[in-house]
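K.L.:
build me a model from this:
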Amino acid sequence: MATDALSAYAASTAATTATSTAKTKTNAMDMDDFLKLMVAQLQNQDMYNSTDNSEFMAQMAQYSMVQSLTELTEQSKTAYSVSLIGKDVTLKEAGTDGSQNIIMGKIDGVSLYNGETKIIVNGNSYDMSDILTVSQSE
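P.N.:
Next up, the predicted model:
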């Protein structure tokens, strides 16, 4: 039965998650969380009024699509930031008094640490959202 396979998957996922110490905790659900919820729903459903399997398959397909689009967005953001290396940029930076400071310089590199994409200009790290203009270096 389908619930046996899902229960086995949930058990193996729980064991893998328990032994993994590198996983960072976020507020976003991942596929493992989604499958755990689905297994719990299957285990606790009313046996006289069971849920249609096609609904679960549709939900899994939708979740998989959203997850793939999220990964594609992150890869595009990374590729875009790397393509900016060597270009001149104008950035905005919030001052300590709330004023906006304008910084101009050449993008020396990109930091992809901990899932955050930041550009490095004049030895300092800035968010991609701080970019005002980008131009070709001469």
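
K.L.:
A helix includes Val110, no?
P.N.:
No - counting by DSSP: H, G, I helix; E, B strand; the rest coil, Val110 falls outside a helix, being strand.

K.L.:
confirm for me that it is in contact with Val121.
P.N.:
No - using CB atoms under 8 Å, Val110 is not in contact with Val121; the gap is 10.6 Å. Backbone N, C-alpha and C define where each C-beta goes, glycine included.

K.L.:
list the buried residues for the strand or helix carrying Met57?
P.N.:
In the assignment (DSSP states H and E), Met57 maps to helix 53-83. Neighbour counts over helix 53-83 (16 or more other CB atoms under 10 Å) mark Tyr63, Ser81 as buried.

K.L.:
who are the packing partners of that helix?
P.N.:
Secondary-structure packing of helix 53-83 (3 or more CB pairs under 8 Å, 6 or more residues apart in numbering; DSSP states H and E): helix 31-43, strand 100-111.

K.L.:
distance-wise, check the residue of the chain most remote from its centre relative to Ala40.
P.N.:
Largest separation from the mean C-alpha position in the chain: Tyr48, at 39.4 Å (CA atoms, centre = their mean). Applying CB to CB, to the nearest Å, the value for Tyr48 to Ala40 is 19 Å.

K.L.:
where does this protein have low pLDDT?
P.N.:
Flagging of the chain using pLDDT under 70 yields the residue ranges 1-29, 50-52.

K.L.:
switch the cut-off to 80
P.N.:
1-32, 34-35, 37-38, 41-57, 60, 115, 137-138 (pLDDT under 80).

K.L.:
contacting residues around Phe56?
P.N.:
Met38, Leu42 (CB atoms under 8 Å, 6 or more residues apart in numbering).
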